[in-house]
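A.B. asks: Next comes the sequence, and after it the predicted model I'd like to discuss.
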Amino acid sequence: MTKGRVEVITSVLRRRRFCSAEKQQLVSASLEPGASVSAVAREAGIHPGQLACIGHDLEQRSIERQSALELRKVGKACPAE
C-alpha cells in the first residue's frame with residue numbers, strides 16, 4: 001500500500017512547479033543524515049534524478065551569487081583611476 005497523499009494534476013500542462021523555498025527544502029531533506037534521495041523524491045512525487053538536478057541548479061546559483069559578491073567587494077576595495 002502507498003502512504004501519504006495523492007496529488008491529482010488537473011492543469012493542461014500537467015507539470016508540477018516548485019518554488020525556490022520548496023526546492024531548497026527538498027534538497028535539505030535529502031542531505032539529512034540517513035535520508036534516502038529516492039524516499040525524499042518519492043514523497044515529493046518526482047524522480048530521484050529530478051531531485052539531483054534541483055540540487056545541482058541550487059549549487060550553481062549559490063556559486064554564481066558568491067562570485068558576484070566577491071566581484072562587488074573587489075570593486076569597492078580598488079580605487080577608481
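C.D. replies: Structure received. Numbering: from 1, shown residues only.
A.B. asks: Which strands and helices lie in contact with the longest helix seen in the chain?
C.D. replies: The longest helix of the chain (DSSP state H) is helix 48-77. Counting contacts by 3 or more Cβ pairs under 8 Å, 6 or more residues apart in numbering; DSSP states H and E, helix 48-77 packs against helix 20-31, helix 37-44. Every C-beta, even on glycine, is put in place using the N, C-alpha and C of the backbone.
A.B. asks: Tell me which of the ones you listed lies nearest to S62.
C.D. replies: Nearest to S62, of all those, is helix 20-31, at 10.3 Å by Cβ to Cβ.
A.B. asks: average pLDDT across that closest one?
C.D. replies: Helix 20-31 shows a mean pLDDT of 92.
A.B. asks: Export only the CA atoms of it, formatted as CSV.
C.D. replies: Output of helix 20-31 as CSV, limited to C-alpha atoms (Å, rounded to 0.1, in the frame of the first residue of the first chain):
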residue,chain,number,x,y,z
SER,A,20,12.7,28.1,-4.6
ALA,A,21,11.8,27.5,-0.9
GLU,A,22,10.3,24.1,-1.7
LYS,A,23,13.3,23.2,-3.8
GLN,A,24,15.7,24.1,-1.0
GLN,A,25,13.6,22.2,1.5
LEU,A,26,13.7,19.0,-0.7
VAL,A,27,17.4,19.3,-1.2
SER,A,28,18.0,19.9,2.5
ALA,A,29,15.8,16.9,3.4
SER,A,30,17.8,14.7,1.0
LEU,A,31,21.1,15.8,2.6
